[in-house]
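Participant: show me how the following folds:
(2 chains)
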Amino acid sequence: MKNTIAERIFDFLKNFPPFDILEKEQLLEIASNVKVTYVEKDTFVFKQDELPHQNFYIVKDGAIGLYRTMESDTILIDICDEGDIFGLRPLIQNDHYLMSAKANEESILYAISVEILKEIIKTNQKANKYIIASFSSNIKTPYAKTNSGNLFANIDTDTTFSEVQTAQYSKNPITCTKHSTIKEAALIMSDKKVGSILIVEDKKPIGIITDKDLRLKIATGLLSIDKNVSEIMSFPVITFPEKITIAEAQIAMIKHKITHLCITKDGSPNSELVGILSEHDIVVLHGNNPSVLIKELKRAKNVETLKYVREKSSNLLKGYIEQNIPITFISKIIAEITDAITIKAIELSILEMETEPPVKFSWLALGSQGRKEQLLITDQDNALIFEDVSQENYENVKTYFLKLSKKITSKLNSVGYKFCPADMMASNPKWCLSLSEWKQQFNNWITKPTEDAIMLCTIFFDFNFVFGDKELVTKLSKSIFKSINSFEIFLNFLGRNALKNPPPLGFFRQFLMEHDGNHKDQFDLKSRALMPLIDAARLIILSHNIKDKNNTISRFNKLAKIEPQNQDLYLSCADSFKILLHYRTEQGLKNNDSGRYINLNTLTKSEKLKLKGCFKPIKDIQDLLNIRYNLAQMM
Amino acid sequence: MIFNWFTYRKYPDFWKNYLKSFKQKQPKSIEETRFVVFDTETTGLSITTDRILSIGAISIAKNSIDVADSIEIYLKQDEFNTETVEIHGILKDGNLKKITENEAIKQFIEFLGNAVLVAHHTAFDIEMINAALKRMKLPKLKNKTIDTGILYKKLANKKDKLYNLDVLCDEFTIPKHDRHTASGDAFITALLFLKIISKLKKERTVHYSDLFRTSNNKGLI
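Facilitator: Predicted coordinates:
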């Protein structure tokens, strides 16, 4: 009998793994038994700790967020959209849901009976292997999106990175001896806040007790808590060597229907226990996990993969902001990823050159990337230093590095870090210089602080080493501080620049708005609130001769230690900066722009008050600069 | 309905079973009710002279459309209207497996049972089925019915206009695959039904009985 609806569902499913590797009849069988469900935005498909449904789900339209709640925090682990599968693992393992699934927007889901799938994977070995390896963790694989076509041609589609990665296990497993009582074991578990405890004998694991055992065997009154742990422990334990991959771990857990694996020295139960790997460790690893992204970067073979990871890191950022993760942590992670992308772009570019670099060089990130404060994707600012060479070689060497820089900057441009409109990039002959030339350049800026020079200083002073020979950068730093010390009035000029933007509030405690241009009547968050803090931190840290602090927040924290008398001010500056940066990122994500300009009409009363609260330290630090550098006279 | 033993005895078994199914206690909540969403393709719009060419029907239970619980029937008809072929695409002697009208109605009634019938602009499709039943000397359908067109008006608080399926597909962002095939339209209507109910629920508590009530408190049939 003709079945138009099933055919339509078949046509959809066949585009997505694992359905794409099923036989036609098998897939048609699945398609004719699909249940179609509609979920309104913000409603749950299932909740964490619920018993599993009869079906797992594939997203037809819309987006489903997977959330995990631990204690009081709810973390967005993943977002499933068209073609992504979720909710499969608990069905195969007969376990509770580890996560909640909630519709982030209205969605249509195809619910597929797990029984049919089980029947099919019994006969289809390929599908069996694939499903267990890819979908066992309840989370989509990083490359489940097949609509990217052959974007990842350099990646074997049968194994995703995470599966071949070595799993990160806990290296300090909580243990007790076989002579302990159940009560003692439970006390250790609650003291260490863990859900499982290993029973060891001569350092070898002989059994395991999990929360589940306590729930099923003790809380039900089956056994007394004074009994020996051996009465309720599960044994023998399943052991693996340290080099276990995530895929192996998942398969082992599913095969044995367990949630913990013991890691021993040689992988056998008869050798010393070195760690424990829980299902949770894998779940965490599978999500938008920065270390996974960094590892993906290290293996990347082309710009498309870099671009993919960059986009993925934007999701990560979104998730972090949504969960209110501290901004210092977020900026560290994002900076780490940005650096890793840059390093990979450099490595790929060097490979494309006909020869190795003729001399040592180093690649610098400037401006916000240099300060590790670049959260939203912005233009690139960078520079290159190469080792001093003899005059006859100079031309050749410079040509080489300019050519290399062109490759690098255009790669970064394709990844999404657009070319700097002011051409502050290493591909510009002005910013691709030998060490001596750079020393001279900085010395010029410092001793002849014209307005342009000062402006360039604010960008170039926040340089950060990304790739190459670090020694070159250290030498440059030393030389810069020497120049500053011999020409101290430079700091006053820098100070004047820091006061260029007056405090953001006018006389009547009104926000100062932009008066003209494209952003008329908007509030310029970057130049009125963030820059004054960035500039102040840079100036004062330079005045203290501190070389290795490039980040506004760590600069203020450092200053709070050096000048205890101003500790409160510096710490409140750091706090303000955190809030403002968080706010800008949020705005940028919301409006899909740089987050720089804010339309005040869109803010709620409390948001306005919060912003105003951040402005007080800006006013105070500007007062401090005014007095310290006697700036009133210079203005 | 006045019970007439004499006519009852003459009914074919499938109709007797159909009548029996209404004696069972019927669920009174949206979740437990089996809804059958259906659509027909016909040779034209006249209830007396035109004929059904195909019936597509799919069930909804527990807020899910159950693809396994669906039928798609193509009918052998002597009546044929070349003008509507371009709408429904069913040829008189196409490759589709076709069955007689009597057999088709029997299968449909067996599938339907005591479910609540849902269609977009129910009146026409139901009249077409009733006309076929009449040719088989059988009475009219007994099922409760819901018209998604009217349900939508209730949601949007609109009175006068008629809303065709295309307009509502756009409004509810439902892809118009297989539009103008009976099964395709039934599936689209089923999605529409789920979406409208869910939107109605968001506005207020929706009781089972609300589905059968228009704003002026008349039944929908």
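Participant: who's in contact with A:N428?
Facilitator: A:N428 makes contact with no residue, according to CB atoms under 8 Å, 6 or more residues apart in numbering or on different chains. Just so you know, the C-beta spots here come from the backbone N, C-alpha and C atoms, and that holds for glycine as well.
Participant: quick one: low-confidence parts of chain B?
Facilitator: In the predicted model, chain B carries pLDDT under 70 at residues B:1-6, B:79-80, B:92-95, B:159-160, B:204-205, B:213-221.
Participant: centroid-nearest residue for it?
Facilitator: Most central in chain B under CA atoms, centre = their mean is B:F38, positioned 3.4 Å from the mean C-alpha point.
Participant: list the pairing partners of the helix or strand hosting that residue within its sheet, with orientation.
Facilitator: For B:F38, the host element (DSSP states H and E) is strand B:35-42. Using DSSP bridges, strand B:35-42 pairs in its sheet with strand B:52-61 (antiparallel), strand B:116-119 (parallel).
Participant: closest to B:S70 out of these?
Facilitator: Nearest to B:S70 among the strands paired with strand B:35-42 is strand B:52-61 (3.9 Å), distances taken as CB to CB.
Participant: just give the closest residue to A:E201, not the sequence neighbours.
Facilitator: Distances taken as CB to CB, 6 or more residues apart in numbering or on different chains place A:K178 nearest to A:E201, at 5.6 Å, with adjacent residues excluded.
Participant: kindly report the same for B:A132.
Facilitator: Here the residue nearest B:A132, using CB to CB, 6+ apart, is B:I105, at 5.2 Å.
Participant: what's around that neighbour, how many residues?
Facilitator: 23 (other CB atoms under 10 Å in any protein chain shown).
Participant: A:L542 reaches A:L494, doesn't it?
Facilitator: Yes: counting by CB atoms under 8 Å, A:L494 is a contact partner of A:L542 at 7.2 Å.
Participant: so which of those two has more stuff around it?
Facilitator: Neighbour count, other CB under 10 Å: between A:L542 and A:L494, A:L494 has more, with 25 against 20.
Participant: wait, a strand at A:I199?
Facilitator: Yes: counting by DSSP: H, G, I helix; E, B strand; the rest coil, A:I199 is located in a strand.
Participant: related to what we said a few turns ago, dump the strands paired with strand B:35-42 to CSV, plus mean neighbour count.
Facilitator: CSV is the format used below for those (neighbours: other CB atoms under 10 Å in any protein chain shown):
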stretch, mean neighbour count
strand B:52-61, 25
strand B:116-119, 24
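Participant: can you point out the buried residues in the top helix by length along chain B?
Facilitator: Taking DSSP state H as the criterion, chain B has its longest helix at helix B:182-203. Across helix B:182-203, burial judged by 16 or more other CB atoms under 10 Å in any protein chain shown covers B:182-200.
Participant: now swap in stretch A:354-370 and tell me
Facilitator: Applying a neighbour-count criterion of 16+ other CB under 10 Å, one finds A:357-359, A:361-370 buried in stretch A:354-370.
Participant: enumerate the residues of chain A near chain B.
Facilitator: Applying CB under 8 Å from any CB of the partner chain, we find that chain A lies next to chain B at A:1-6, A:8-9, A:31-38, A:40, A:61, A:106, A:108, A:111.
Participant: and the residues you listed, which are buried?
Facilitator: Neighbour counting with 16+ other CB under 10 Å marks A:3-6, A:8-9, A:31-38, A:40, A:61, A:106, A:108, A:111 as buried within the residues of chain A next to chain B.
Participant: take the residues you listed and keep only those in strands.
Facilitator: A:35-38, A:61, A:108, A:111 (DSSP state E).
Participant: could I get the pLDDT score of the residue nearest to A:E201?
Facilitator: Predicted confidence (pLDDT) for A:K178: 88.
Participant: do the same with A:S414
Facilitator: 92.
Participant: and it, how far is that from chain B?
Facilitator: Here A:S414 is placed at a distance of 33 Å from chain B (CB to the nearest CB, to the nearest Å).
Participant: isn't B:L162 up against B:H121?
Facilitator: Yes: using CB under 8 Å, B:L162 is in contact with B:H121, at 7.5 Å.
Participant: common neighbours of the two, please.
Facilitator: Common neighbours of B:L162 and B:H121 (CB under 8 Å, 6+ apart) are B:G149.
Participant: who's in contact with stretch B:146-159?
Facilitator: In contact with stretch B:146-159 (CB under 8 Å, 6+ apart) are residues B:35, B:116-123, B:162-163, B:168, B:189, B:192-193, B:196-197, B:199-200, B:203, B:211-212, B:214-215, B:220.
Participant: count of neighbours near the residue nearest to B:R34 when sequence neighbours are not counted?
Facilitator: Leaving aside its sequence neighbours, B:R34 sits nearest to B:A115 (CB to CB, 6+ apart; 4.3 Å). For B:A115, the neighbour count with other CB under 10 Å is 22.
Participant: what's the answer for A:S410, then?
Facilitator: 16.
Participant: related to what we said a few turns ago, so which of the buried residues of helix B:182-203 are also by chain A?
Facilitator: B:183-184, B:186-187, B:190-191, B:194-195, B:198-199.
Participant: of those, which is the nearest to A:E184?
Facilitator: The closest of those, once distances to A:E184 are taken by CB to CB, is B:S198, at 52.4 Å.
Participant: near chain A, which residues of chain B are found?
Facilitator: Residues of chain B lying near chain A (CB under 8 Å from any CB): B:56, B:58, B:63-68, B:70-72, B:74, B:96-97, B:173, B:177-178, B:181, B:183-184, B:186-187, B:190-191, B:194-195, B:198-199, B:202.
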